[in-house]
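**Student:** structure here, sequence nowhere to be found:
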């Protein structure tokens, strides 16, 4: 059974965007209605267009206007609030508030359309924790009122393992794995269901049966194998690693890893 | 070696090796007897792992010994700091500030206030003037831009008119003059709306919180001086890092363009984890291998072309084939 919301995270440079796009592709291939969203950033529009990947682009001001308008039961008031300079400066100085609005917007969309799934290409470790902590933090700040009801709605969705799946990618390096494990632990303490650790971009899994590799690639493979062994010693069998793809264009890499995504749905 | 400056900034997209390279720079300078402070403002705090620091010590300056922390033969030391938004705020406002429930939450390690308070923290250490060089390891991509733009956000937020209004609100006064300002700024209506969706209790708490932050306006405004240091060629070096294994050339270009108003000519483009020397020596005959070599070679070429078109100063660091971060740091330090 596929989920409604996929959050793809991990250390910087682990391949979050490529995997998010491939995951979206795989869901489309299965006939699902799905949107790709690059959380709080501009999406890779050209790449998405070239691959026919439907993008959900949330314009910050629009999102904010809609969201605030909904809470105040008036779109006019929503538009007015967003234009007040003090509100704008406050909103800028508290980034968590922006997270809450985007998250609220996404959850509203999922609630309004039961067919829809969203793949969230998320920030890397430190900043994704800010995102995961946001509902709790603002619930504690606001304490009561419609905003808190809204946060409860977000929590109800995101803490349901049938709705949300969190995937933490890591490269076969010690630093990325440790960061992944640390992130997994911290997310669990926030009461989300356990995120899945997935190895990406593995030269080892792509080249291990090849003969005649040059010395530097052998060295690279040996180091990556150590990471695999280290993982398996502590965390059990390493499931569904994604191999390194020897292509230059992002589009080709996405296409080649798409079949591996079936295991991650 | 590149002449060290008062402030050296390491930036780039995620996973390109900012923290490792910044640490290697600290090692390279400290081993020559230079007095160095290394600060990480990235909440992911990889520095903690490289230097085996405890997260509980975040916000406190730690002395790093080359022998103890990095397993090196030579004996020297430098200071390191894992940025903690709460400790920064505590220093400017005292223990009491953190008792405010809203600030207590917002200054959590992942409360989201990192980038703004980082500016205050860096300014503090620059003003103290205890170090010859402060090396700054920054958060990835967009969050680095947030750090650069935090000065703009500070300027917008700490407007005198807002300060007066919140002073007035806090005192509960009803001076006519301010009441008019309050109405025209929209803040009155904003607070009424806020009350309708959160309750009066929150609004009181909110006004109090803003009041506390405004009491420390001077510390935030002073932090804008960091900007001047970053713009000054005599005072700062910029290192923009890209890594061959994840290209992301468009993102590197974006960082450059967003940082354009700060950049001076002492900015260096670092190509990290290069395999060029290995690839140059490798002459595979079999076509399958030859294809791999071509792909890898083209990746190196693409990033080099970008570098040559856009930068005058280019530094290349090779991939270090070791799993241990301290090994990587020590080997990279030699390349400086």
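**Tutor:** Sure thing, it's come through. Please read these numbers as outputs of a predicted model, since none were measured by experiment. Numbers count the residues shown, from 1 in each chain, chains lettered A, B, ... in the order given.
**Student:** could you check how many residues crowd around the one residue in the stretch 151-265 of chain A that gets nearest to chain B?
**Tutor:** Of all residues in the stretch 151-265 of chain A, residue A:216 sits closest to chain B, at 3.9 Å by Cβ to the nearest Cβ. Bear in mind the C-beta positions are built from the backbone N, C-alpha and C, glycine included. Applying other Cβ atoms under 10 Å in any protein chain shown, we find 17 other residues in the vicinity of residue A:216.
**Student:** unless I'm mixing things up, it is touching residue B:321, no?
**Tutor:** Yes. Using Cβ atoms under 8 Å, residue A:216 is in contact with residue B:321, at 7.3 Å.
**Student:** chain B contacts on the stretch 151-265 of chain A?
**Tutor:** By Cβ under 8 Å from any Cβ of the partner chain, the residues of the stretch 151-265 of chain A that approach chain B are A:171, A:173-176, A:178-179, A:201, A:210, A:212-216, A:219-220, A:223, A:226-227, A:246-248.
**Student:** if we use 7 Å, what do you get?
**Tutor:** By Cβ under 7 Å from any Cβ of the partner chain, the residues of the stretch 151-265 of chain A that approach chain B are A:173-175, A:178-179, A:212, A:214, A:216, A:219-220, A:223, A:226-227, A:246-248.
**Student:** just the buried residues of these.
**Tutor:** Taking 16 or more other Cβ atoms under 10 Å in any protein chain shown as the criterion, what is buried in those is A:173, A:174, A:175, A:178, A:179, A:214, A:216, A:220, A:223, A:227, A:246.
**Student:** looking at those residues, which gets the smallest pLDDT?
**Tutor:** The member of these with the lowest pLDDT is residue A:175, at 87.
**Student:** show me which residues of the helix or strand harbouring that one are buried.
**Tutor:** Using DSSP states H and E, residue A:175 falls within helix A:174-189. The neighbour-count check on helix A:174-189 (16+ other Cβ under 10 Å) flags A:174-184, A:186-187 as buried.
**Student:** neighbours of the nearest residue to residue A:257 once chain neighbours are set aside, how many?
**Tutor:** Nearest residue to residue A:257, sequence neighbours excluded (Cβ to Cβ, 6 or more residues apart in numbering or on different chains): residue A:22, at 4.8 Å. Look at residue A:22: counted by other Cβ under 10 Å, it has 26 neighbours.
**Student:** in contact with residue A:22, which residues are there?
**Tutor:** By Cβ atoms under 7 Å, 6 or more residues apart in numbering or on different chains, the residues touching residue A:22 are A:254, A:257, A:258, A:261.
**Student:** in JSON lines: those residues, plus neighbour count.
**Tutor:** Output for these, formatted as JSON lines (neighbours: other Cβ atoms under 10 Å in any protein chain shown):
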{"residue": "A:254", "neighbour count": "26"}
{"residue": "A:257", "neighbour count": "24"}
{"residue": "A:258", "neighbour count": "19"}
{"residue": "A:261", "neighbour count": "25"}
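**Student:** list the contacts for the residue in the stretch 51-200 of chain A that chain B sits nearest to?
**Tutor:** Closest residue of the stretch 51-200 of chain A to chain B, Cβ to the nearest Cβ: residue A:126 (3.0 Å). Taking Cβ under 7 Å, 6+ apart, we find residue A:126 in contact with B:42, B:43, B:44, B:110, B:139.
**Student:** nearest residue to it in space, please, no chain neighbours.
**Tutor:** Going by Cβ to Cβ, 6+ apart, residue A:126 has residue B:43 as its nearest residue, at 3.0 Å.
**Student:** what is the burial count for that neighbour?
**Tutor:** Neighbours of residue B:43 (other Cβ under 10 Å): 26.
**Student:** swap in residue B:207?
**Tutor:** Residue B:207: 18 neighbours (other Cβ under 10 Å).
**Student:** so what touches the helix or strand containing it?
**Tutor:** Element membership for residue B:207 (DSSP H and E) is helix B:200-215. The contact list for helix B:200-215 (Cβ under 7 Å, 6+ apart) reads A:142-143, B:93, B:97, B:100-103, B:163, B:166, B:169-170, B:191, B:194-195.
**Student:** how about 8 Å then?
**Tutor:** Applying Cβ atoms under 8 Å, 6 or more residues apart in numbering or on different chains, the contact partners of helix B:200-215 are A:141-145, B:93, B:97, B:100-103, B:158, B:162-163, B:166-167, B:169-170, B:191, B:194-195.
**Student:** closest residue of chain A to chain B?
**Tutor:** Closest point on chain A to chain B, by Cβ to the nearest Cβ, is residue A:12, at 1.5 Å.
**Student:** that residue: what's it in contact with?
**Tutor:** By Cβ under 8 Å, 6+ apart, the neighbours of residue A:12 are A:124, A:125, B:13, B:14, B:15, B:16, B:44, B:140, B:141.
**Student:** secondary structure class of it, three-state.
**Tutor:** Taking DSSP: H, G, I helix; E, B strand; the rest coil as the rule, one finds residue A:12 in the coil state.
**Student:** go on, the one 5 residues further on?
**Tutor:** Of the three states, residue A:17 takes helix according to three-state DSSP.
**Student:** please name the nearest non-neighbouring residue to it.
**Tutor:** Closest to residue A:17 by Cβ to Cβ, 6+ apart is residue A:121, at 5.3 Å.
**Student:** bridged to that neighbour, which residues?
**Tutor:** residue A:8, residue A:38 (DSSP bridges).
**Student:** can you give me the distance of it to residue B:11?
**Tutor:** With distances taken as Cβ to Cβ, to the nearest Å, residue A:121 is found 21 Å from residue B:11.
**Student:** name the residue in these two with the higher neighbour count.
**Tutor:** A count of neighbours by other Cβ under 10 Å puts residue B:11 above the other of residue A:121 and residue B:11, at 27 against 23.
**Student:** which SSE is that one in?
**Tutor:** Here residue B:11 is covered by strand B:7-12, with elements defined by DSSP H and E.
**Student:** all strands for the chain, in order.
**Tutor:** Chain wasn't specified; assuming chain A. With DSSP state E, the ranges of strands along chain A come out as A:5-10, A:33-38, A:116-121, A:164-170, A:196-199.
**Student:** can you look at chain B instead?
**Tutor:** Going by DSSP E, chain B shows strands at B:7-12, B:36-40, B:62-65, B:77-82, B:133-137, B:236-243, B:267-274, B:313-318.
**Student:** what helices and strands are in contact with the fourth one?
**Tutor:** This points to strand B:77-82. For strand B:77-82, the helices and strands in contact under the criterion 3 or more Cβ pairs under 8 Å, 6 or more residues apart in numbering or on different chains; DSSP states H and E are helix B:18-30, strand B:36-40, helix B:46-51, strand B:62-65.
**Student:** residue A:44 reaches residue A:37, doesn't it?
**Tutor:** No. In this structure residue A:44 lies outside contact range of residue A:37 using Cβ under 8 Å: 11.8 Å.
**Student:** re earlier: hmm, which two among the residues of the stretch 151-265 of chain A next to chain B are most spread apart?
**Tutor:** Greatest spacing in those, by Cβ to Cβ: A:179 and A:212 (34.0 Å).
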